[in-house]
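[1] Dropping a prediction and its sequence here:
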Amino acid sequence: MLLEAPFTEAKVRALRVGDVVEITGLLLTGRDAVHKYLHDGGTPPVELKNSIIYHCGPVVVKEKGKWVVKAAGPTTSIREEPYQGPLMEQYGIRGVIGKGGMGPKTLAACKKVGACYFHAVGGAAQVLAQKVVRVPAVHMLEEFGSPEAIWEFEVVKFPVVVTMDSHGDSLHAKVEAASSKALDRLIR
């Protein structure tokens, strides 16, 4: 299924856990430093309404005066759990891409604001970088350094899977519950 910008609430609410999605449009990278900065009251240097935040510390180099993405794999998302839900609500963020899933606060925010958590394949950084067709801008590069800066990635058919949706479903919670049940059976 194709999800094209603009990333509206209606488009995102149509997605369900398990949907394989190809995103076309603008992604904004954001990791620990950016999430803490925004959570602590910092002013976003770019519009966040209807955005998709990609938990990614990319490898980006300048070639012939243009930014070129060499690696763009997802980073572990759970570190952003204290910040993600409130930021989604405050700024109207429609999606988050990462790996490993997120917790109940983010799931509640997804349901409230009409957003999804998308899982990207870890270990495929170079393959995912090929889906970045242009880097229109970078923000906070001097303040945070390259991996923590906010990179704007124009992507075409960026592959992800919905693992938390706006209806309150979480593949991560289901796997955790099934694993706990199986562990309990093994221990007994």
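    Done, it's in.

[2] what pairs with the nearest residue to residue 30 once chain neighbours are set aside across the strands?
    Closest residue to residue 30 in three dimensions, ignoring its sequence neighbours and counting by Cβ to Cβ, 6 or more residues apart in numbering: residue 53, at 4.6 Å. In this view, the C-beta of every residue, glycine as well, is placed from N, C-alpha and C. Following DSSP bridges, residue 53 is listed with bridge partners residue 28, residue 96.

[3] how about the strands in the chain?
    Remark: strands assigned in the chain by DSSP state E are 2-4, 20-29, 52-54, 59-63, 66-71, 95-98, 116-119, 132-139, 150-164.

[4] helices or strands up against the longest helix along the chain?
    If you go by DSSP state H, the chain has its longest helix at helix 171-187. With contacts taken as 3 or more Cβ pairs under 8 Å, 6 or more residues apart in numbering; DSSP states H and E, helix 171-187 sits against strand 150-164.

[5] For the closest residue to residue 114 other than its chain neighbours, which residues are in contact?
    Distances taken as Cβ to Cβ, 6+ apart place residue 9 nearest to residue 114, at 3.7 Å, with adjacent residues excluded. By Cβ atoms under 8 Å, 6 or more residues apart in numbering, residue 9 lies in contact with 50, 94, 113, 114.

[6] What's the per-residue pLDDT of the residue minimising distance to the centre of the chain here?
    The chain has residue 97 as the residue nearest its centroid, 2.2 Å off, counting by Cα atoms, centre = their mean. For residue 97, the pLDDT comes out at 98.

[7] For it, list the residues it contacts.
    23, 27, 52-56, 74, 117-120, 158, 160.

[8] Looking at these, which is nearest residue 144?
    Nearest to residue 144 among the contacts of residue 97: residue 56, at 13.4 Å, using Cβ to Cβ.

[9] one step back: can you lay out the contacts of residue 97 as TSV showing pLDDT?
    Shown next, in TSV, are these (pLDDT from 0 to 100):
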residue	pLDDT
23	98
27	98
52	98
53	98
54	98
55	98
56	97
74	98
117	98
118	98
119	97
120	97
158	98
160	98
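
[10] Could I get those in JSON lines, plus columns for neighbour count and distance to residue 133?
    Output for these, formatted as JSON lines (neighbours: other Cβ atoms under 10 Å; distance: Cβ to Cβ, whole Å):
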{"residue": "23", "neighbour count": "24", "distance to residue 133": "12"}
{"residue": "27", "neighbour count": "24", "distance to residue 133": "11"}
{"residue": "52", "neighbour count": "26", "distance to residue 133": "16"}
{"residue": "53", "neighbour count": "27", "distance to residue 133": "19"}
{"residue": "54", "neighbour count": "29", "distance to residue 133": "15"}
{"residue": "55", "neighbour count": "27", "distance to residue 133": "20"}
{"residue": "56", "neighbour count": "27", "distance to residue 133": "16"}
{"residue": "74", "neighbour count": "23", "distance to residue 133": "18"}
{"residue": "117", "neighbour count": "29", "distance to residue 133": "24"}
{"residue": "118", "neighbour count": "28", "distance to residue 133": "19"}
{"residue": "119", "neighbour count": "20", "distance to residue 133": "22"}
{"residue": "120", "neighbour count": "24", "distance to residue 133": "17"}
{"residue": "158", "neighbour count": "25", "distance to residue 133": "10"}
{"residue": "160", "neighbour count": "24", "distance to residue 133": "16"}
